[in-house]
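Student: everything below, folded, please.
(one chain, ligands or ions: 2)
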Amino acid sequence: MDLRRAGGRVSRRARILVLPGDGIGAEIMPHAVRVLERACPDIELDFEYASIGGAALDSDGVPVTDATLALARAADAVLLGAVGGPQWDDLPMDRRPERGLLRLRSELDLFANLRPAILFAPLASASSLKPELVADLDILIVRELTGGIYFGEPRGVTVGNGGRRGFNTYVYEEREIERIARVAFDLARKRNGRLVSVDKANVLEVTQLWREVVTEVAADYTDVALEHMYVDNAGMQLVRAPRQFDVLVTGNMFGDILSDVAAMLTGSLGMLPSASLNAGGQGLYEPVHGTAPDIAGRNIANPLATILSAAMLLRYSLDAPEAAERLERAVAAALADGLRTADIMPQDGGSEVTRVGTDGMANAVIERLEEDR
Ligand code: IPM
Ligand code: MG
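Tutor: Ligands and ions are numbered 1, 2, ... in the order given. Presented below is the predicted three-dimensional model:
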């Protein structure tokens with residue numbers, strides 16, 4: 001990021017690569033960009049745009065181009081919508097829209113995926129759990145994002161005498177486990193000092209190593225209380241008593257699954273943001289939800305997960321924590337004032353809430369940002 005002197009004042013500039021993607025990802029993005037522009041008046045944001053996923057397949061024949069990867073490398077941060085859709089489902093694996101996102105994560109070495117699941121108090125009744133079980137819920141899932149079974153080789157489907165055979169490889173190098181463990185311990189230290197490492201060490205050797213390495217790293221963090229949990233139990237505990245968790249750290253696939261579970265506790269998948277960081281502090285910010293093709297283009301999708309991802313971008317890549325907090329306060333205020341997209345409407349309809357569309361929710365956040373100066 002550049003620091004430039006302008007008229008005696010230091011003004012900052014940052015390059016943001018915007019990848020709207022498909023479905024509601026693309027639909028929400030212009031609203032999220034509007035919000036982001038107003039969330040940090042002291043930083044001059046240079047937005048660049050490129051396609052990814054199905055949109056890139058349609059325009060360029062590949063789910064992400066080398067040129068887009070180069071733009072991502074040169075940017076201070078990447079803001080992404082979502083990728084995928086039924087029209088691209090029958091393509092071979094290496095040409096599916098998801099490959100674009102996976103390649104971006106991998107080539108920028110964005111190994112640390114932070115997925116906070118925070119309950120905004122007014123949404124307690126939208127949670128799938130009883131309000132008292134989720135009150136003040138504030139969990140952080142730290143998911144390893146560039147290794148594990150998602151990327152392990154060999155992989156494929158072969159045809160032999162016994163019929164077809166599909167296989168993937170679940171593999172972790174010691175250094176991959178160590179670096180994600182350090183990120184999780186550092187974050188736990190800044191929060192409530194409790195870390196649960198999730199594995200399947202009773203069955204899978206690769207996660208026995210995971211458990212061993214995490215335990216070794218713990219020696220450097222004697223102020224953090226470490227607990228190990230099998231993934232099946234962790235899934236069960238998340239829906240039984242989620243408030244027992246502070247920070248969870250786990251591999252790529254378990255993290256994918258557990259973060260969707262955690263999202264639902266907060267009322268809707270439409271609320272969960274994420275940050276994917278590399279060792280250089282570069283980041284890719286995206287909502288955890290997908291492209292929801294069934295509701296795309298109808299102005300009903302919840303833009304808050306993308307807006308909250310923009311807040312994470314301010315915090316982790318632009319070093320603007322005050323702007324991030326102001327944006328999060330604006331989201332909380334819009335919810336406290338009773339504004340709801342369809343996915344977070346109370347089950348009974350609710351008389352004290354107002355249903356708004358994608359644009360209405362973004363406008364409400366912008367209004368509250370302007371009030372909080
Ligand atoms: C996620 C998504 C992706 C993943 C898909 C779209 C490749 O589910 O970000 O959680 O599995 O990582
Ligand atoms: Mg997922």
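Student: get me the contact residues on the chain for ligand 1.
Tutor: 84, 98, 101-102, 256, 288 (Cβ under 6 Å from any ligand atom). All C-beta atoms are positioned from the backbone trio N, CA, C, and that covers glycine.
Student: nearest residue to the residue in the stretch 151-300 of the chain that ligand 1 sits nearest to other than its sequence neighbours?
Tutor: Nearest residue of the stretch 151-300 of the chain to ligand 1, counting by Cβ to the nearest ligand atom: Asp256, 4.5 Å away. Of all residues not flanking Asp256 in the chain, Arg143 sits nearest, at 7.0 Å (Cβ to Cβ, 6 or more residues apart in numbering).
Student: and that neighbour, backbone torsions?
Tutor: As for Arg143, its main-chain torsions (degrees, to the nearest 10) stand at phi -110, psi 130.
Student: list the buried residues of the strand or helix carrying Asp58.
Tutor: Per DSSP states H and E: Asp58 is located in helix 54-60. Residues of helix 54-60 classed as buried: 54-57, 60 (neighbour count, 16 or more other Cβ atoms under 10 Å).
Student: and stretch 150-157, by the same measure?
Tutor: Quick answer for stretch 150-157 (16+ other Cβ under 10 Å): 150-152.
Student: repeat that for stretch 348-365.
Tutor: The neighbour-count check on stretch 348-365 (16+ other Cβ under 10 Å) flags 353, 355-358, 360-365 as buried.
Student: give the rounded mean pLDDT of the helix or strand that contains Ile307.
Tutor: Following DSSP H and E, one finds Ile307 within helix 304-316. Mean pLDDT, computed over helix 304-316, is 97.
Student: quick one, strands of the stretch 101-250 of the chain?
Tutor: 112-118, 138-144, 156-160, 163-167, 194-199, 225-230, 247-250 (DSSP state E, counting those that start in this stretch).
Student: name the helices or strands packed onto the first one?
Tutor: When contacts are defined as 3 or more Cβ pairs under 8 Å, 6 or more residues apart in numbering; DSSP states H and E, strand 112-118 sits against strand 138-144, helix 174-190, helix 252-265, strand 275-277.
Student: then the last one?
Tutor: Taking 3+ Cβ pairs under 8 Å, 6+ apart as contact, the helices and strands that strand 247-250 lies on are strand 138-144, helix 174-190, strand 194-199, helix 231-240.
Student: partners of that strand in the sheet?
Tutor: With DSSP bridges as the test, strand 247-250 is paired with strand 138-144 (parallel), strand 194-199 (parallel).
Student: give me the distance from stretch 290-304 to the chain's centre.
Tutor: 17 Å (Cα atoms, centre = their mean, to the nearest Å).
Student: oh, I was asking about stretch 123-138
Tutor: Counting by Cα atoms, centre = their mean, stretch 123-138 comes out at 20 Å from the chain centroid.
Student: can you tell me what sits against it?
Tutor: 116-119, 121, 239, 241-243, 246, 264-268, 271, 335, 344-347, 350 (Cβ atoms under 8 Å, 6 or more residues apart in numbering).
Student: mind running it again at 6 Å?
Tutor: Here stretch 123-138 makes contact (Cβ atoms under 6 Å, 6 or more residues apart in numbering) with 118-119, 242-243, 264-265, 267, 344, 346.
Student: which SS state does whatever residue of the stretch 1-150 of the chain ends up closest to ligand 1 fall under?
Tutor: Proximity of the stretch 1-150 of the chain to ligand 1 (Cβ to the nearest ligand atom) peaks at Glu98, 3.9 Å away. Three-state assignment for Glu98 (DSSP: H, G, I helix; E, B strand; the rest coil): helix.
Student: let's test this: name the helix or strand in the protein with the lowest mean pLDDT.
Tutor: strand 2-6 (a mean of 49; mean pLDDT, DSSP states H and E).
Student: which of the residues in the following helix or strand past that strand are buried?
Tutor: Remark: after strand 2-6, the chain's next helix or strand is strand 9-21, criterion DSSP H and E. For strand 9-21, burial by neighbour count (16+ other Cβ under 10 Å) applies to 12, 14-21.
Student: what of stretch 269-281?
Tutor: Going by neighbour count (16+ other Cβ under 10 Å), the buried part of stretch 269-281 is 269-278.
Student: which residue sits closest to the spatially most central residue of the chain, ignoring its sequence neighbours?
Tutor: Against the mean C-alpha coordinate of the chain, by Cα atoms, centre = their mean, the closest residue is Ser274 at 2.1 Å. Nearest in space to Ser274, with sequence neighbours left out and distances taken as Cβ to Cβ, 6+ apart, is Arg115 at 4.7 Å.
Student: I'd like the strands paired with strand 247-250 as TSV, with mean pLDDT, distance to Gln208 and mean neighbour count appended.
Tutor: Formatted as TSV, these follow (pLDDT from 0 to 100; distance: least, Cβ to Cβ, whole Å; neighbours: other Cβ atoms under 10 Å):
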stretch	mean pLDDT	distance to Gln208	mean neighbour count
strand 138-144	98	16	24
strand 194-199	98	8	24
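Student: since that was my last question, I'll sign off now.
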